[in-house]
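Q: here is a sequence together with a model predicted from it:
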Amino acid sequence: MVTDEKTLVDALRGLGCNAAVWGHAELSHRDPGFDERNFGASALVRPADTAAVAALVKFCADNNVSLVPQGGRTGLTGAATSHVGQIICDLGAMNRIEEIDPFARVAIVQAGTTLATLQNAALADGLDPGIDLAARGSCTIGGMVSTNAGGIMAFRNGTMRHRILGLEAVLPDGRIFSDLTRVLKTSAGYDLKHLFVGAEGTLGIVTRVAMRLDPVAGASATALVGINDAAAAQRLVRHFLGQTGTSLRAAEIMWRGFAVAMNKMLGFAPGQLPLDAPCLLVLELGADTVDAATTALEEGLAALWEEAGIVDGLVATSLQQARAIWRLREETELIERIHKLPPSFDVSVPGGNLDAYVCAIEAGLKSIDPSYAPYVFGHLADGNLHISINCDGPLPHDRHLAIEDVLYVGLAESGGSFSAEHGVGLDKREAYERHVDPVKRELASAIKALLDPRDLLNPGKIFSPSV
């Protein structure tokens, strides 16, 4: 039995597996990522291969020590947080792309590989993993599987659940679950890989993944369009989705409060981007050439200008201008420079309900505090909205629950979700317990108890601690 931190670190270094080890004091000099609570553990182990992960997990099982898996540490719900007495399993050294098969359009990727690394490698063969996030430079494939990440292309290609063909994971007792199926069609009993998708490391540590790849358009064009509401934006999306010869790669919506705040923080010159509309829509269209994509965007917007009630619009004429448009949407961490720890939420709303939902939450939040005017933005075509409250946090518990009730009540009944792509982790655990169907929660708890009866893998995430 491990009794103190020094004994723990010495024992980990004596395992003889292919892994680096840092103690708690050494962690204090490293960047914890998006959440300062990530490096609270007594030690961090960075295995270099699956065998080393298995050896670490077996050690933890034998010594009754809890283990917290970490990828790029870009999570937003506290799913990678740790505390004294725990060990972190950092997958950062498992960062190789083992194979890209351009004919089968499949990549075999280690869990610590960043999304950007895979994107760049696949692009050499004219392919793409079919998923994109603003944190592409730091988020890892294993972490994306564990949170079932979505991103800006989910409306076309699905979430990570739809992009993976197979995976490998280390179970809580150190056994290796190996199902690196690399074909789309398989009907061979229970498809158990899906247990690990969205499980946030509570059922096993994902170590390798077989991912689908898609052909990419040769070029793209970007537009920023001012419209009156989400319904108008959806008319535009339907048009571009129905076009032949082009592919809609992104459709991102921003309500005016968010866009104006971002424009101010980015320091864009007045008039540089069209912002004087209730909603803004970022469209990215793919085609064989830039000219073809640009022409299709311009002609489509012109044809729908009156029908969709377009207020203003800009089709980027340079890469620099396109990047400025995307900065407006993607550099969302700037909101945290306006407010300290603003309460943030991540919901999925059925497409036809978007305008009514935003109107309802704006009124509901003002009934809590007249100063509340939420920043709202998100992925239009799949109904995923991100909402930040314009105040400093953390809030008193009762106030936070009142805000959650405004945002979450009725979502599940309408077919939506209180958590779209950020997961549950630690911070949304209470919302999970309050807003998820009780039978669903009972089944999930039973699976957790079956695979991890001592609650050693990422304890306290999704489920309340068992002890």
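A: That came in fine, so what should we check first? Here the structure is a predicted model, which is why all the values come from computation and not from measurement.
Q: excluding its backbone neighbours, what's nearest Gly364?
A: Closest residue in space to Gly364, ignoring its immediate chain neighbours: Val406 at 3.6 Å, by CB to CB, 6 or more residues apart in numbering. No exception for glycine: its C-beta is placed from N, CA and C like everyone else's.
Q: could you list the buried residues of whatever helix or strand that neighbour lives in?
A: Element membership for Val406, per DSSP states H and E: helix 397-408. Under the neighbour-count criterion of 16 or more other CB atoms under 10 Å, helix 397-408 has Arg399, His400, Ala402, Ile403, Glu404, Val406, Leu407, Tyr408 buried.
Q: what does stretch 222-237 give?
A: Quick answer for stretch 222-237 (16+ other CB under 10 Å): 222-227, 229-234, 236-237.
Q: can you tell me how far the residue nearest the centre of the chain is from Gly423?
A: Residue closest to the average C-alpha location in the chain (CA atoms, centre = their mean): Ala149, at 3.9 Å. Using CB to CB, to the nearest Å, Ala149 is found at 9 Å from Gly423.
Q: circling back: in the next helix or strand after the helix holding Val406, what counts as buried?
A: Next helix or strand after helix 397-408 toward the C-terminus (DSSP H and E): helix 411-414. Across helix 411-414, burial judged by 16+ other CB under 10 Å covers Leu411.
Q: tell me the mean pLDDT for helix 411-414?
A: Mean per-residue pLDDT for helix 411-414: 90.
Q: neighbouring contacts of that helix?
A: Val347, Ser348, Val349, Pro350, Asn353, Ser417, Phe418, His435, Val436, Asp437 (CB atoms under 8 Å, 6 or more residues apart in numbering).
Q: just the buried ones from those residues, in ChimeraX syntax?
A: Selection of the buried residues among those in ChimeraX, burial being defined by 16+ other CB under 10 Å:
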select :347,348,349,353,417,418,435,436
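Q: can you list the contacts of helix 411-414 in CSV and add pLDDT and secondary structure?
A: Output for the contacts of helix 411-414, formatted as CSV (pLDDT from 0 to 100; DSSP: H, G, I helix; E, B strand; the rest coil):
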residue, pLDDT, secondary structure
Val347, 97, strand
Ser348, 96, strand
Val349, 96, coil
Pro350, 92, coil
Asn353, 93, helix
Ser417, 95, strand
Phe418, 95, coil
His435, 92, helix
Val436, 93, coil
Asp437, 93, coil
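Q: columns distance to Leu123 on top of the contacts of helix 411-414, output as JSON lines?
A: JSON lines is the format used below for the contacts of helix 411-414 (distance: CB to CB, whole Å):
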{"residue": "Val347", "distance to Leu123": "32"}
{"residue": "Ser348", "distance to Leu123": "30"}
{"residue": "Val349", "distance to Leu123": "33"}
{"residue": "Pro350", "distance to Leu123": "34"}
{"residue": "Asn353", "distance to Leu123": "37"}
{"residue": "Ser417", "distance to Leu123": "32"}
{"residue": "Phe418", "distance to Leu123": "35"}
{"residue": "His435", "distance to Leu123": "40"}
{"residue": "Val436", "distance to Leu123": "39"}
{"residue": "Asp437", "distance to Leu123": "41"}
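Q: and which of the contacts of helix 411-414 is nearest to Glu307?
A: Taking CB to CB as the measure, Glu307 sits nearest to Asn353 out of the contacts of helix 411-414, at 21.7 Å.
Q: nearest residue to that closest one other than its sequence neighbours?
A: Using CB to CB, 6+ apart, the closest residue to Asn353 is Ser414 (6.0 Å).
Q: one step back: show me what the helix holding Val406 is packed up against.
A: Identification of packing neighbours for helix 397-408 by 3 or more CB pairs under 8 Å, 6 or more residues apart in numbering; DSSP states H and E yields strand 344-348, helix 354-368, helix 429-435.
Q: quick one: mean pLDDT for the second one?
A: Helix 354-368 shows a mean pLDDT of 97 in the predicted model.
Q: could you shift the numbering so residue one becomes 55, and keep it that way?
A: From this message on, residue numbering opens at 55, which makes the last subject helix 408-422.
Q: which other helices and strands does it contact?
A: Looks like helix 408-422 contacts helix 284-295, strand 438-442, helix 451-462 (3+ CB pairs under 8 Å, 6+ apart).
Q: other residues contacting the second one?
A: Contacts of strand 438-442 with the rest of the structure, by CB under 8 Å, 6+ apart, involve 204, 208, 312, 386, 389, 393, 396-403, 408, 411-412, 415, 428-432, 461, 474-475.
Q: off-centre distance for it?
A: How far strand 438-442 lies from its chain's middle: 12 Å, per CA atoms, centre = their mean, to the nearest Å.
Q: partner strands of that strand, parallel or antiparallel?
A: Strand 438-442 has these partner strands in its sheet, going by DSSP bridges: strand 398-402 (antiparallel), strand 429-433 (antiparallel).
Q: comparing those, which comes out most buried?
A: Mean neighbour counts were compared across the strands paired with strand 438-442 using mean count of other CB atoms under 10 Å; the top stretch is strand 429-433, at a mean of 25.
Q: can you check what angle separates that strand from helix 408-422?
A: If you take axes from the mean of the first three to the mean of the last three CA atoms, to 10 degrees, strand 429-433 sits at 150 degrees to helix 408-422.
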